[in-house]
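**Student:** Requesting a structural model of the entry that follows:
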Amino acid sequence: MSENVDTEQFNADELQAPEWLNSEFITEVLSKYENVPELKVTDLQISPASAQGDHYASVMFRAKAEYTTPKGKFSKPLIIKTMPELEGHKKDMLSESYVFTTEIGAYCTALPEFERILREAGDKTKLYVPCLYHSMEPRQVMIFEDLVPLGYSVIRGRPVTEEELKKVFAKLAKWHAVSMKVLNERPNFLADFKYGIFEMPTIKTDPFVTTGMARFIEMLDQKPEFRKYKPHFEKVKDVYLDRLADEMQEYRKNRSSDGYYVLCHGDFHLRNMMFKENKQTGAPEDVMLVDFQFCNICPITVDLTYSIYMLMEPEQRRDMGKEMIHHYFTVLVETLKKIGYKAEMPTEARLWEQIHRNRYYHFFMISTLLPMMLALKSNALKMNDLIQDPETRKKSYLLENYLKDVELLLPKYEELGHFKDL
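**Tutor:** Next comes the predicted model:
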């Protein structure tokens, strides 16, 4: 591990690389990838790959490999992603899940085909970083070339700009459009993508998920201005997770004739995207989506609703992201036409109907994920504590930035009819 690492900045399980992650292993990986049997790694520097709060469902390291081949000396920056090996909540949550199988399928099967379809239509959009190596046995590992030396970075410590958001939603729209075409013409091609967050073995027993609504109702009761909304959430507190699961699994269990379905990213938040600026102008040039562990076929609204709470700034969230989702929809339709989509074109009105219809997803976001996201964004609390410690979670519901958001969102829910016929 590299020296001078700020241990407070990184996740504890990423401070020390496992013994198997060594020069011999990386030599084997690179020699196979480059098809050079004589390749030999001469130096390997390893450090944590991401900051606290960037992710939870994996362990990631950044590596710089110096190596030789018959053609000379070379260097390659790498990102190594693996499953947790330390005993604890993260390992318990992920050990029996399908997150690695899903992500390998996204990188090695789905996204290469999506790019091929775009290329045939004259669109050179890059949807993913190529995977240099992957394995499920004897351990679950994926290795990629590091995007940071190519000029990409994660946004931290400042709000995401409108132009950056437009880049994000345009890329998501192209991904969704191609997946709609594939689902319409070759649905079996994506049949393995059936494991979203609600297929996680521990999801409905994890206290972070199961206590969210109770904490939210408790907060509503403490704030006089919010008490009038408390009865609505009390009506659904015992059933809303089941209703939410029904919404998330709609494609597989109860497909709607007027619903739009796509291969969703499944975890569409700011720390799962890396941005590149134009060196001359400083304007956003590209965004690369990463972390496809929860990709699955589900309502198109899963990524869009998630983005309202986990990606957008409060000013966009105030009107449910209307401007950004309109931009997304424009690119979606343009791309569908470009790639020769043969089914009926989606309409923006029906898209919004679907976003509002899936109200239990909104309830989950405001009661469980939004307080966590805003606590992390303000650097008030740490992710591991928020997920694992009840008292820390309780604090997140009383943070000023969260209460301001709730104050804006609850009247909007009322206006949209989210509380009718509960």
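**Student:** When you work out contacts or count neighbours from here on, use the C-alpha atoms and nothing else.
**Tutor:** Fine.
**Student:** show me where the stretch 51-200 of the chain has helices.
**Tutor:** 89-94, 99-105, 111-120, 162-185 (DSSP state H, counting those that start in this stretch).
**Student:** Quick one, which of the ones you listed gets closest to residue 32.
**Tutor:** helix 99-105 (17.7 Å; Cα to Cα).
**Student:** helix, strand or coil for the spatially most central residue of the chain?
**Tutor:** Closest to where the C-alpha atoms of the chain average out (Cα atoms, centre = their mean) is residue 267, at 2.3 Å. Assigned state for residue 267: coil (three-state reduction, DSSP: H, G, I helix; E, B strand; the rest coil).
**Student:** Surely it is in contact with residue 304?
**Tutor:** No: between residue 267 and residue 304 there is no contact, the gap being 10.5 Å when judged by Cα atoms under 8 Å.
**Student:** contacting residues for the residue nearest to the centre of the chain?
**Tutor:** Neighbouring residues of residue 267 by Cα atoms under 8 Å, 6 or more residues apart in numbering: 291-292, 294-295, 303, 306.
**Student:** Give me the subset of these lying in strands.
**Tutor:** Using DSSP state E, no member of the contacts of residue 267 falls within strands.
**Student:** Which one (most neighbours) among these?
**Tutor:** Across the contacts of residue 267, neighbour numbers were computed from other Cα atoms under 10 Å; residue 294 holds the maximum, 26 neighbours.
**Student:** so how far is residue 121 from it?
**Tutor:** According to Cα to Cα, to the nearest Å, residue 294 stands 28 Å off from residue 121.
**Student:** thinking again about what came up before, let me have the helices of the stretch 51-200 of the chain in JSON lines, adding mean pLDDT as columns.
**Tutor:** Converted to JSON lines, the helices of the stretch 51-200 of the chain look like this (pLDDT from 0 to 100):
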{"stretch": "helix 89-94", "mean pLDDT": "57"}
{"stretch": "helix 99-105", "mean pLDDT": "93"}
{"stretch": "helix 111-120", "mean pLDDT": "98"}
{"stretch": "helix 162-185", "mean pLDDT": "97"}
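**Student:** nearest to residue 367, of those?
**Tutor:** Proximity to residue 367 (Cα to Cα) singles out helix 89-94 among these, at 20.9 Å.
**Student:** lowest average confidence, helix or strand, in the protein?
**Tutor:** Using mean pLDDT, DSSP states H and E, the weakest-scoring helix or strand in the chain turns out to be helix 89-94, at a mean of 57.
**Student:** Surely residue 298 is within a strand?
**Tutor:** Yes: counting by three-state DSSP, residue 298 is found in a strand.
**Student:** and residue 37, how far is that from residue 46?
**Tutor:** Look at residue 37 and residue 46: by Cα to Cα, they are 23 Å apart.
**Student:** what does residue 392 give?
**Tutor:** 31 Å.
**Student:** Those two: which has the busier surroundings?
**Tutor:** Ranked by neighbour count (other Cα under 10 Å), residue 392 and residue 46 place residue 46 first, with 22 against 17.
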